[in-house]
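K.L.:
Below are the sequence and a predicted model; questions follow.
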Amino acid sequence: MKKSLIVAIGAALALAACATQPSVSPQVSVQQQAKVIAQACPSLGQTVTELQALNMPPSAQSDLGKAKALGAKVCEAATVVAGAKPGTANFNLADLRAVYSQGVPDLISAIKASPLTPQQQNTAIVSVMAAQIIVQGAINATQAAAAP
């Protein structure tokens, strides 16, 4: 578990750095953000799966389940948008906002309730916060692409 969390945080931080690079146009930026999210999804998904395997209170398991469902929608959309021609596919802003405002807090709440050591919890929380930066980049790019 500890090794997976360290790998996840490293991947998320590297991808978050990529997500903040300036883009050529809003449509290209949406596709870039989608690629970043699609690359981060497996690591973050693995972390959620490993957390679900821990002996956690029912409320924390519920939070994980909600976060995982929201994340799955965005990860699926990221795969579609990343593989499409620029300007032909876009994210659902409501899904991105739900991950940002509900999924991330649910995941952090579950991590804090987990039996992980404080250091492992902090590592996992930083990873989740890096993912939140990636999602914010996708929200910004999607809004810019939709603007007239």
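P.N.:
Done, it's in.
K.L.:
Quick one: mean pLDDT over the lengthiest helix in the chain.
P.N.:
If you go by DSSP state H, the chain has its longest helix at helix 118-146. For helix 118-146, mean pLDDT rounds to 88.
K.L.:
That helix: which residues count as buried?
P.N.:
Residues 120-121, 123-125, 127-142, 145 are the ones in helix 118-146 that count as buried (16 or more other Cβ atoms under 10 Å). For every residue, glycine as well, the C-beta is placed using N, CA and C.
K.L.:
now do stretch 103-114
P.N.:
In stretch 103-114, counting by 16+ other Cβ under 10 Å, buried: 103, 104, 106, 107, 108, 109, 110, 111, 113, 114.
K.L.:
Beyond the strand or helix carrying residue 33, next helix or strand please.
P.N.:
Per DSSP states H and E: residue 33 is located in helix 26-52. Next in sequence after helix 26-52, counting helices and strands by DSSP H and E, comes helix 58-83.
K.L.:
distance between whichever helix or strand comes after that following helix and the chain's centre?
P.N.:
Once the chain leaves helix 58-83, the next helix or strand it forms, by DSSP H and E, is helix 93-98. Computed by Cα atoms, centre = their mean, to the nearest Å, the chain-centroid distance of helix 93-98 equals 12 Å.
K.L.:
So which bits of stretch 71-88 are buried?
P.N.:
Buried residues in stretch 71-88, counted by 16+ other Cβ under 10 Å: 71, 72, 73, 74, 75, 77, 78, 81, 82, 86.
K.L.:
who's in contact with stretch 90-98?
P.N.:
Stretch 90-98 is contacted by residues 30, 33-34, 70, 73-74, 77-78, 81, 135, 138-139, 142-143, 145-146 when judged by Cβ atoms under 8 Å, 6 or more residues apart in numbering.
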